[in-house]
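Chemist: Take a look and give me a structure for this.
(chains A and B)
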Amino acid sequence: MDNVIEIQNVTKKYGNTIALDNISITINEGDITGFLGTNGAGKSTLMNIITGYFYMTEGTVKVYGYDILDHPEQVKKLIGYLPEIPPLYMDMSVAAYLKFVCKLKSIPKKQISNEIKEKMSIMNISHMKNRLIRNLSKGYKQRVGLAQAMIGDPKILILDEPTVGLDPMEMIEIRKTIKEISKKSTIILSSHILSEVSALCNKIMIMDKGKHVITGTPDELVNKINNSNKLLIRIKGDSEAASKYISTIEGISMIEHLGELEVGTTDLVIHSNIENDIRESVSFVLAHHNFPLLMMKNYDVTLEETFIKLTANKRGVS
Amino acid sequence: MLTILPRELKSYFQTATGYIFMIVYLMLFGIYFTYININPTPNNAYTVTIENMVFIFVLLSPLLTMKALSEERKNKTDQLLLTSPKSVSAIVLGKFFAAIILFFITLLITTLYPIILSFFGDIYLPTIVIAYIGFFFMGCTFIGLGIFISSLTENQLIAGVSTLGISMILWLVEAISSRFPVDSFSGFIFLIILASALNGIVYYFSKNIWLTMSLTIICVGILCAIFYAKKSFFEGMIKRFSDWFSIPLHSKDFYLGILDFSDLIYFISLICLFLYFTIFAIERRRWT
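Modeler: Numbers count the residues shown, from 1 in each chain, chains lettered A, B, ... in the order given. Now for the predicted structure:
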């Protein structure tokens, strides 16, 4: 089956507050999908609905064809969930906690021991197995939470802000583990860290104030905003004169002056039509008028800029 | 249920709640036993000790239930339970039976006292066994109530104090009800208010004003017709109604050695009702 999760017209209201407004998305097998949005965008609410923690006010959620409301137990067997705050019992040891989770997920008795060993080894927490969870650091608690979600090798893993509060080394390790897990499972993760989403996900859904803004691959989202080619150049000499000569080239729509980033030079961003490659023409024109060209590279729009632009558009900010 | 139960039972002893409950309860039981059964007193039947200890249990029972579901919500561990393939009823029953087992073990330890007494005199065993049966079912009812209240809040202190408050009302309602007016008009007005309150609940869940209004008119109409035809029906209505909730009234026969099945069914019904309300409260929160 290709469509693993089908979310159709899901709305969630808390009283008069709309937390999710008519969200629809399809997630395919093997995808790593990122829900991206600012705090309060509705990412966690949507995850809580997919996992069956909350129910939606309107709409349908199907997981491997099972409706979450009609077949909650079948759906829950297919999903491993790490909420934003890992659901850990502080009075239990790591091994006892994972054993409890195995029982919750109805893992056969004979397999429990191997399952715990395997997941502790993947998350590198085997040496902590007898420690009480309350005595673990934030990073180790997160690892235990992730191990919990992986118990039973669920076909879908849903991770809500999996690296929040971790130090940079821990973040890198957790991301590496998520990449590894994605070979076996379909993964949904939420984050408000753009670099994380762009590094991990092959599909991104941007949300803002409970509304779906856009869905696509990281490149598709950037291209959606980036409707022109941008070329960054660094030249020596009179930048106004250079701009005048460059603007004579066909297809150029705008030239931005970024200023003097290196002493005695000027950085310019040249906007041109998407189908035109102006690099050769620019270098010829500058050489013809004796302007030394010190640097030339494509000026890519980052996902961060795309995100800001897309969410700003939704809010009516220009 | 069999997954949740052992974890809950262990947690009673990992957080000292279980020890505190057992130590305090058994210590007070010992004091009462010494005072009533060892010292020469006019009415020194062992069932009198049990009857007194029931009230002590009412005071201590919130310890067993106050954190049962409220702490899960506060620590967000309910996300683990509610997103697991286990049903809400299995989770609630697991928690309920864990508290029941702790209560049962405590009660079992107290059976040492009649055994001690039997070495020094004659005891009438059936009366004691029936008293214990009554005590057990009544205790389960208070535990059910506590579990339900614990599902309504994420603050265990609020859960504990509320459980204690409501338990005390159920305990004292018989004493208070003797002060209620017994005339037929008061009974009639009381039933009108009660019907309106019930219809308010209907509106809360259905949000259907026409259904609520129709039901209210039907209820008031029926009550008016009965009042016109047979006023005596409403005499003592407030007392009869409130006494139905009196737990001591439904348990006093047990301490006299009378096994009244209607009282047993009363307690089992209340337990089922509280557990149903608990499941309903959890499920409803997931929708809202």
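Chemist: Only C-alpha atoms from now on, for both contacts and neighbour counts.
Modeler: Will do.
Chemist: in the helix or strand where residue B:137 lies, what's buried?
Modeler: Secondary structure assignment for residue B:137, by DSSP states H and E: helix B:125-150. For helix B:125-150, burial by neighbour count (16 or more other CA atoms under 10 Å in any protein chain shown) applies to B:127-150.
Chemist: residue ranges with poor pLDDT in chain A?
Modeler: Along chain A, the model assigns pLDDT under 70 to residues A:1, A:222-228, A:274-275, A:300-306, A:309-310, A:312-318.
Chemist: mind listing the helices in the chain by residue range?
Modeler: In the absence of a named chain, this looks at chain A. Ranges of helices in chain A, per DSSP state H, are A:43-50, A:72-78, A:94-104, A:109-122, A:138-150, A:168-181, A:194-200, A:218-225, A:239-246, A:279-288, A:303-315.
Chemist: wrong one, I was asking about chain B
Modeler: B:4-14, B:17-33, B:46-65, B:70-74, B:78-82, B:88-110, B:112-120, B:125-150, B:156-177, B:184-206, B:209-229, B:237-244, B:247-255, B:261-287.
Chemist: what does the first one contact?
Modeler: By CA atoms under 8 Å, 6 or more residues apart in numbering or on different chains, the residues outside helix B:4-14 that reach it are A:91, A:100, B:18-19, B:90-91, B:94-95, B:97-99, B:101-102.
Chemist: and that helix with helix A:94-104, angle?
Modeler: Taking axes from the mean of the first three to the mean of the last three CA atoms, to 10 degrees, one finds helix B:4-14 and helix A:94-104 inclined to each other by 150 degrees.
Chemist: Using CSV, write out every CA atom in stretch B:93-110.
Modeler: These are the backbone C-alpha positions of stretch B:93-110, laid out as CSV (Å, rounded to 0.1, in the frame of the first residue of the first chain):
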residue,chain,number,x,y,z
LEU,B,93,-10.0,-1.3,35.5
GLY,B,94,-6.2,-1.9,36.0
LYS,B,95,-6.0,1.1,38.2
PHE,B,96,-9.1,0.3,40.1
PHE,B,97,-8.1,-3.3,40.8
ALA,B,98,-4.6,-2.3,41.9
ALA,B,99,-6.2,-0.1,44.6
ILE,B,100,-8.6,-2.9,45.5
ILE,B,101,-5.8,-5.4,45.9
LEU,B,102,-3.9,-3.1,48.2
PHE,B,103,-7.1,-2.5,50.2
PHE,B,104,-7.8,-6.2,50.3
ILE,B,105,-4.2,-7.1,51.5
THR,B,106,-4.6,-4.5,54.3
LEU,B,107,-7.9,-6.0,55.2
LEU,B,108,-6.5,-9.5,55.1
ILE,B,109,-3.8,-8.5,57.7
THR,B,110,-6.5,-7.3,60.1
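Chemist: Any idea how far that stretch is from the middle of the chain?
Modeler: Its chain's C-alpha centre and that of stretch B:93-110 lie 14 Å apart, by CA atoms, centre = their mean, to the nearest Å.
Chemist: of the contacts of helix B:4-14, buried ones?
Modeler: A:91, A:100, B:18, B:90, B:91, B:94, B:95, B:97, B:98, B:99, B:102.
Chemist: What is the nearest of these to residue B:175?
Modeler: When the buried ones among the contacts of helix B:4-14 are ranked by distance to residue B:175 (CA to CA), residue B:99 comes first, at 29.1 Å.
Chemist: now that closest one, nearest residue through space, not along the chain?
Modeler: residue B:64 (6.1 Å; CA to CA, 6 or more residues apart in numbering or on different chains).
Chemist: Show the contacting residues for that neighbour.
Modeler: Contacts of residue B:64 by CA under 8 Å, 6+ apart are B:17, B:18, B:21, B:99, B:143.
Chemist: where does it sit relative to residue B:44, distance-wise?
Modeler: 30 Å (CA to CA, to the nearest Å).
Chemist: Pick the most buried one from the helices of chain B.
Modeler: helix B:125-150 (a mean of 24; mean count of other CA atoms under 10 Å in any protein chain shown).
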